[in-house]
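Undergrad: next input, structure requested:
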Amino acid sequence: MENEFQDGKSEVIEAWYMDDSNEDQRRPHHREPKEFIPISKLTELGIISWRLNPDNWENDENLKRIREARGYSYVDICDVCPEKLLNYDAKIKDFFEEHLHTDEEIRYCLEGSGYFDVRDQNDQWIRIAVKKGGMIVLPAGMYHRFTLDTENYIKAMRLFVGDPVWTPYNRPHDHLPARKEYLDNLLKIGGGNQTVEC
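TA: Residues are numbered from 1 along each chain as shown. Sure thing, here's the model as predicted:
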């Protein structure tokens, strides 16, 4: 399932190493020169992604197949923008605090766009831009954060196995079993030769 629905994915999901600037979090934050990262690098970090048809998501057989194969029984839709999200400023601040979850974080961008920032094996920030049609799965135990881009809008489907648990564990929470399992899997995928800092 992870290798299906890949056509055109680079048009809706791309990634690059971030600079160290503290400027507006909604800016792209490219390094100079720019350092783009292939999708295969995200796969090495345990991230799964697809390109789907957001204009017909209610009847999309591909989305249905993904949900059935991965057990995503819960679905809701969230508009993140100043006009529609209650306590917008506080929520955006919370989303951008580095954290992990004990379950996967699954987001499907139906409209708009946003950034998911994750850490590589050497603890460097990677910015993942997700646009309309992009679906991304961050593994349990992976430190990450989210922000809107300068368009200030994303309409995202949130999926979950069973009843949703949205509890963020702000860094550091390296003692959690989900974090330890993620690091173990990361070492297996990478052959055990990378430096992983907690």
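Undergrad: mind listing residues that contact the lengthiest helix in the chain?
TA: Longest among the helix segments of the chain by residue count, using DSSP state H, is helix 177-189. Helix 177-189 has contacts (CB atoms under 8 Å, 6 or more residues apart in numbering) with 44-46, 100-103, 121, 139-142, 173-174, 194, 196, 198. The C-beta positions use only the backbone N, C-alpha and C, and glycine is treated the same way.
Undergrad: dump it to CSV, keeping only the CA atoms.
TA: Output of helix 177-189 as CSV, limited to C-alpha atoms (Å, rounded to 0.1, in the frame of the first residue of the first chain):
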residue,chain,number,x,y,z
PRO,A,177,8.0,3.4,24.5
ALA,A,178,6.8,5.0,21.2
ARG,A,179,10.0,7.0,21.1
LYS,A,180,12.2,4.1,21.8
GLU,A,181,10.4,2.0,19.2
TYR,A,182,10.8,4.7,16.6
LEU,A,183,14.5,5.0,17.2
ASP,A,184,14.9,1.2,17.0
ASN,A,185,13.1,1.2,13.7
LEU,A,186,15.1,4.1,12.4
LEU,A,187,18.4,2.3,13.2
LYS,A,188,17.1,-0.8,11.4
ILE,A,189,16.0,1.1,8.3
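Undergrad: show the average pLDDT along it.
TA: In this model, helix 177-189 has an average pLDDT of 92.
Undergrad: in that helix, what's buried?
TA: Neighbour-count burial for helix 177-189, counted by 16 or more other CB atoms under 10 Å, picks out Ala178, Arg179, Tyr182, Leu183, Asn185, Leu186.
Undergrad: residue ranges in the protein under the pLDDT threshold?
TA: For the chain, the stretches flagged by pLDDT under 70 are 190-198.
Undergrad: so where do the strands sit in it?
TA: Under the criterion DSSP state E, strands of the chain are mapped to 13-17, 36-37, 48-51, 74-80, 99-100, 105-119, 125-131, 134-138, 144-148, 154-160, 169-170.
Undergrad: picking up where we left off before, let's have the buried residues of helix 177-189 in TSV, adding distance to Val12.
TA: What follows is the buried residues of helix 177-189, written out as TSV (distance: CB to CB, whole Å):
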residue	distance to Val12
Ala178	28
Arg179	29
Tyr182	25
Leu183	29
Asn185	26
Leu186	25
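Undergrad: what's the most distant pair in the residues you listed?
TA: Greatest spatial distance among the buried residues of helix 177-189 (CB to CB): Ala178 and Leu186, at 12.5 Å.
Undergrad: if we can go back for a sec, buried only: go through the contacts of helix 177-189 for me.
TA: 44-46, 100-101, 103, 121, 139-142, 173, 196.
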